[in-house]
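1. Pasting the sequence and the predicted model now:
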Amino acid sequence: KGRPLELIQKLGMSELAGKWPRDCLAMGTTIGGLSEIAAHHLGLRPRLTVAQGGPDAFVGMLGLGATSPGKLALITGSSHLHLVCTSTA
């Protein structure tokens, strides 16, 4: 479920199947709570909700405020993305 097993077999890279996560979670899905040790190390409260993250460029759109039609997010790094929101699908 969620893994392209047939594709990696055809590419001759079957050994990758065991290295990929078995479950793919949607962005924002609650994974659990922050452990006591991690909370202490990070200076946060124990059991703080830990949620599944998302692709950095798309999450970066939120930080840049590019969340409404007409706003552009230019994300650069190892690739260069121009990301926009539209009012139509």
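-> That came through, no problem.
2. list the contacts for His82?
-> Contact analysis of His82 by CB atoms under 8 Å, 6 or more residues apart in numbering lists Leu72, Ala73, Leu74. For glycine as for every other residue, the C-beta is placed from the backbone atoms N, C-alpha and C.
3. Which single one of the residues you listed is nearest to Gly18?
-> Checking those against Gly18 by CB to CB gives Ala73 as the nearest, at 35.6 Å.
4. just for the chain, where's the confidence low?
-> For the chain, residues meeting the criterion pLDDT under 70 lie at 1-2, 89.
5. re earlier: any quick PyMOL command for the buried ones out of the contacts of His82?
-> Per 16 or more other CB atoms under 10 Å, the buried members of these correspond to this PyMOL selection:
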select buried, resi 73
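6. In a markdown table, list the contacts of His82 along with distance to Phe58 and secondary structure.
-> Below are the contacts of His82 laid out as a markdown table (distance: CB to CB, whole Å; DSSP: H, G, I helix; E, B strand; the rest coil):
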| residue | distance to Phe58 | secondary structure |
| --- | --- | --- |
| Leu72 | 14 | strand |
| Ala73 | 9 | strand |
| Leu74 | 13 | strand |
